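*Asks:* Quick one: sequence and predicted model below, then my questions.
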Amino acid sequence: MRIALVATPFTDHNLQLASQIGVTDIVIRYPGCRIEDIEPLCQQVIRHGMKISVVEGYLPIEKVVLGQDGYRAQLEKLAQLVRSMGALGVGVLCYNWMGLTDWTRTSFGTPGRGGALCSEFDLAQTEALGPMEGGVSAAALWENLERFLEYILPVAEASGVALAMHPDDPPLSPLRGLERIMIDAEAFERLVDLAPSPANGICFCQGNFAAMGVDIPATIRRLGPHIRFAHIRDVRGDRTRFVETFHDEGPTDMFAAMRAYRAVGFAGVMRPDHVPVLAGESGESGYTMQGRLFAVGYMRGLIEAAEKVD
């Protein structure tokens, strides 16, 4: 198991910090689909002794998800991205099927341990904003997903790239009138059954699966053969209302989870996700550096302990 990090902002200073604390892999946001869009970032990371292993976020995929006009052009861009990733040795493309919404929170200033600022989701507050227009039915979402996999998986297989589906965040349907499908473990089993392939995989986001109310170590074992990437975080609450915690203070048994990854033979990258904002910090909530430096140290300790016990 290897620890990855999203460097926000993507600077040499933050890449050096990542390298100093033992991070080996970097996750980047979508920079464009061409080799020349990605390769300079790869070289910058290599200079710090690490490698880019995952592209995640801000993908040109909304029309594909919703089946809108122009979806074919987006499919072609995504195929080009996968080919470019394969040529550069970037092995995982993390995507989601949320369409019109990305991860949704109602507050980024909920007080946590020591006055740290945590993100929170409250369904009642979200629904008070009223319904969103432009969604499609759950049946259409599944149909569009099957079409996407039929088109992209052969490209991914040929390129040596694995797809990793992220859960809907929060994992519930409907949300503001929009139907959503990646909301429980059964949906992920359906996903991999749609197109059995080593390239058709899962991003196991522990915070979202925790919000689903499942037993995290047991669900890692259940879905383990298909996990290609993992997000390590935790929440206190359920899918209708939760607060994101520090990695060491949530309800999930993180040590048991790490042992479960080892038990299923997971040998990919995992990254800390959505940390509280610490004193003196400012920046993108959930992705400030100090909280993630703490999380990486915690994860390194868990991995070492799991290796020695097992």
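*Replies:* Thanks, I have it. Numbers count the residues shown, from 1 in each chain.

*Asks:* Direction included, what does the helix or strand of the chain with the lowest mean pLDDT pair up with?
*Replies:* The helix or strand of the chain with the poorest confidence is strand 107-111; it has a mean of 94 (mean pLDDT, DSSP states H and E). Partner strands and pairing direction for strand 107-111 (DSSP bridges) are strand 117-122 (antiparallel).

*Asks:* So the closest residue to Tyr287 other than its chain neighbours: helix, strand or coil?
*Replies:* Sequence neighbours aside, Thr8 is the residue nearest to Tyr287 in space, at 4.4 Å (criterion: Cβ to Cβ, 6 or more residues apart in numbering). (Each C-beta comes from the backbone N, C-alpha and C, glycine too.) Secondary structure state of Thr8, per DSSP: H, G, I helix; E, B strand; the rest coil, is coil.

*Asks:* what's near enough to touch Thr8?
*Replies:* Residues near Thr8 by Cβ atoms under 8 Å, 6 or more residues apart in numbering: Asn14, Gly283, Glu284, Tyr287, Thr288, Met289.

*Asks:* for it, phi and psi?
*Replies:* phi -120, psi 120 (degrees, to the nearest 10).

*Asks:* The closest residue to Tyr58 other than its chain neighbours sits in which helix or strand?
*Replies:* Counting by Cβ to Cβ, 6+ apart, Tyr30 is the residue found nearest to Tyr58 once chain neighbours are left out, at 4.5 Å. Assigned by DSSP states H and E, Tyr30 belongs to no helix or strand.

*Asks:* Send me the least confident helix or strand of the chain as CSV with only the CA atoms.
*Replies:* Taking Å, rounded to 0.1, in the frame of the first residue of the first chain, the C-alpha atoms of strand 107-111 are listed here in CSV:
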residue,chain,number,x,y,z
SER,A,107,-21.0,24.2,6.2
PHE,A,108,-17.3,24.4,6.3
GLY,A,109,-17.0,26.0,9.7
THR,A,110,-18.4,23.5,12.2
PRO,A,111,-16.1,23.6,15.3
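
*Asks:* List the buried residues of that strand.
*Replies:* By 16 or more other Cβ atoms under 10 Å, the buried positions in strand 107-111 come out as Thr110.

*Asks:* of all the contacts of Thr8, which comes closest to Val214?
*Replies:* Here the nearest of these to Val214, counting by Cβ to Cβ, is Tyr287; it sits at 25.3 Å.

*Asks:* okay, now that closest one: neighbour count?
*Replies:* 18 (other Cβ atoms under 10 Å).

*Asks:* re the thing from before, filter the contacts of Thr8 to the buried ones?
*Replies:* Here, 16+ other Cβ under 10 Å leaves Asn14, Tyr287, Thr288, Met289 buried among the contacts of Thr8.

*Asks:* Setting aside sequence neighbours, what's the nearest residue to the first one?
*Replies:* This means Asn14. In space, Asn14 is closest to Ala7, 4.2 Å off (Cβ to Cβ, 6+ apart).

*Asks:* does the one you found really touch Ser19, like I thought?
*Replies:* No - if you go by Cβ atoms under 8 Å, Ala7 and Ser19 don't touch, sitting 10.2 Å apart.
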